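**Student:** Please find the sequence and the predicted model below.
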Amino acid sequence: MTEERILVQREGTFHYPIVFRKDFSSLSEEVLSLSKKSRRICVVSDSHVAPLYLDAVTKELGKCGMKVTAYILPAGESNKNLDQIQGIYEHLIQEHFDRNDMLAALGGGVTGDMTGFAAATYLRGIDFIQIPTTLLSQVDSSIGGKTGVDFRQYKNMVGAFHQPLLVYTNGAVLKTLPDAEFASGMGEVIKHGLIRDKGYSTWLSCNREAILEREESTCLEMIYRSCMIKKTVVEKDPTEQGERAVLNMGHTIGHAIEKLKNFTMSHGACVAVGCAASAFLSMQKGWITEEDYKDVLRQLEAFHLPVETTGLSPEDILQTTKSDKKMDGKAVKFILLKGWGNAVVDRTLTDRDLLSGIHAVLAAD
């Protein structure tokens, strides 16, 4: 890792740093450097993360001279809803938060999305920072300003774009991450190489053992490189009008599987299966070779990710993709590979094409 920070910016719109550290000891310094006159900061966390890191984070933020409060969400995707957002609003109102105050998201992608959405909508918008504690949130959801909640059975259907002031990444938190959650994050990491950087994919394979052992320096390098890829895409297209859609590789079929499995399968695992389907369809179009396709599957499996699933109907998966928020009229904006490291948005796939991709990732029960 050549630098300890990345600046995400778009002239006239936003700029914020992603900082990479091995503990929380620089958090207060980073917050103070934002030169905000906030009197209060509310740390939003969840019932899994709070017992691990809330004390350390609130103690560090206390050095900023602000009143620090905390609001704890029940953990899990099933709680990513508007009812829980109302609880955050009520806490902020009772604590007299105004537009000069801020929120801090301490947790994974669900906590980050919900905190960001609360910040985007409370008093028509207040500041927030991201303190991601999962690999998936460190490399993906904490960056780019996408916030939101699920609406009934529809994933991330209600949301807003609201950029954070700061993303503070502490690599040490990965040591307490369950194996399944670490693997889930690797689904997004591998996707980054597929969509934009074949050299990064090669680096991941070469460093597989150190990554799986969660060697701190190697993992921080990996997070840094993934963030560089996402930063570049987000800066060009912050509200997903064009190129940013490539970050959704694996998500259309992945989200459908995630929903039909009632969120019992991790997001990253579902994305991995979706990426396998995208790679298959890319091969069918002649855009990648059969060997490339097999290499995609091998890399996913090497990092303990699935490339197929069971127990679902192909027709149910297809129908569920129709309610995905990435629909463009009646066409699905599907992300394919025109070569490893070159993802493109394709709107020409028919239902028959999609079914062939779905069949490729459905194993016999």
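**Tutor:** Ah, there it is.
**Student:** wait, doesn't residue 265 sit right on residue 257?
**Tutor:** Yes: using C-beta atoms under 8 Å, residue 265 is in contact with residue 257, at 6.6 Å. For glycine as for every other residue, the C-beta is placed from the backbone atoms N, C-alpha and C.
**Student:** higher neighbour count, these two?
**Tutor:** Comparing residue 265 with residue 257 by other C-beta atoms under 10 Å, the one with more neighbours is residue 257, at 26 against 19.
**Student:** Name the residues contacting each of residue 265 and residue 257.
**Tutor:** residue 309 (C-beta atoms under 8 Å, 6 or more residues apart in numbering).
**Student:** who touches the closest residue to residue 363 other than its chain neighbours in this structure?
**Tutor:** Distances taken as C-beta to C-beta, 6 or more residues apart in numbering place residue 308 nearest to residue 363, at 4.4 Å, with adjacent residues excluded. Applying C-beta under 8 Å, 6+ apart to residue 308 gives the contacts 273, 276, 360-363.
**Student:** Can you name every helix or strand that the helix or strand residue 18 falls within contacts?
**Tutor:** Take DSSP states H and E as the rule and residue 18 turns out to sit in strand 14-21. Other helices and strands packing on strand 14-21, by 3 or more C-beta pairs under 8 Å, 6 or more residues apart in numbering; DSSP states H and E, are strand 5-10, strand 167-170, helix 216-236.
**Student:** Just the buried positions in whatever helix or strand comes next after that strand, please.
**Tutor:** Next along the chain after strand 14-21, taking DSSP H and E as the criterion, comes helix 27-32. Applying a neighbour-count criterion of 16 or more other C-beta atoms under 10 Å, one finds 27-28, 30-31 buried in helix 27-32.
**Student:** just stretch 163-182 next, same as before
**Tutor:** Per 16+ other C-beta under 10 Å, stretch 163-182 contains these buried residues: 163-171, 173-174, 177, 181-182.
**Student:** what's the closest non-adjacent residue to residue 285?
**Tutor:** In space, residue 285 is closest to residue 336, 6.8 Å off (C-beta to C-beta, 6+ apart).
**Student:** Secondary structure of the one you found: a strand, I assume?
**Tutor:** Yes: counting by DSSP: H, G, I helix; E, B strand; the rest coil, residue 336 is part of a strand.
**Student:** Quick one: the strands in this structure, in order.
**Tutor:** 5-10, 14-21, 40-46, 67-73, 102-107, 127-132, 146-151, 154-161, 167-170, 327-328, 331-332, 334-337, 343-346 (DSSP state E).
**Student:** mind listing what the closest residue to residue 15 other than its chain neighbours touches?
**Tutor:** Spatial nearest neighbour of residue 15, chain neighbours left out: residue 9 (3.6 Å); criterion: C-beta to C-beta, 6+ apart. Residue 9 makes contact with 15-16, 235, according to C-beta under 8 Å, 6+ apart.
**Student:** Would you check how far apart the residue nearest to the spatial centre of the chain and residue 67 are?
**Tutor:** Nearest to the mean C-alpha position of the chain, by C-alpha atoms, centre = their mean, lies residue 141 at 2.7 Å. Distance of residue 141 to residue 67, computed by C-beta to C-beta, to the nearest Å: 28 Å.
**Student:** Now for the chain, the helix or strand with the poorest mean pLDDT.
**Tutor:** Across the helices and strands of the chain, the lowest-confidence element by mean pLDDT, DSSP states H and E is strand 327-328, at a mean of 58.
**Student:** where in the stretch 201-350 of the chain is pLDDT low?
**Tutor:** 324-330 (pLDDT under 70).
**Student:** Please enumerate the helices of the stretch 251-365 of the chain.
**Tutor:** 251-260, 267-284, 290-302, 314-321, 351-360 (DSSP state H, counting those that start in this stretch).
**Student:** Could you export the fourth one as PDB, CA atoms only?
**Tutor:** What it means is helix 314-321. The C-alpha trace of helix 314-321 is given here as PDB (Å, rounded to 0.1, in the frame of the first residue of the first chain):
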ATOM      1  CA  PRO A 314     -35.100 -21.000 -12.600                       C
ATOM      2  CA  GLU A 315     -38.400 -19.300 -13.500                       C
ATOM      3  CA  ASP A 316     -38.700 -17.800 -10.000                       C
ATOM      4  CA  ILE A 317     -35.300 -16.400 -10.200                       C
ATOM      5  CA  LEU A 318     -36.000 -14.900 -13.600                       C
ATOM      6  CA  GLN A 319     -39.300 -13.300 -12.400                       C
ATOM      7  CA  THR A 320     -37.600 -11.900  -9.400                       C
ATOM      8  CA  THR A 321     -35.000 -10.100 -11.500                       C
END
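**Student:** Quick one: list the elements packing against it.
**Tutor:** helix 251-260, helix 351-360.
**Student:** Then the second one?
**Tutor:** Counting contacts by 3+ C-beta pairs under 8 Å, 6+ apart, helix 267-284 packs against helix 179-196, helix 251-260, helix 290-302, strand 334-337, helix 351-360.
**Student:** buried set for the longest one?
**Tutor:** Within helix 179-196, the residues that qualify as buried by neighbour count (16+ other C-beta under 10 Å) are 181-196.
**Student:** what about that helix, average pLDDT?
**Tutor:** When pLDDT is averaged along helix 179-196, the result is 96.
**Student:** shift numbering so it begins at 2
**Tutor:** Shifting the count to begin at 2 puts that one at helix 180-197.
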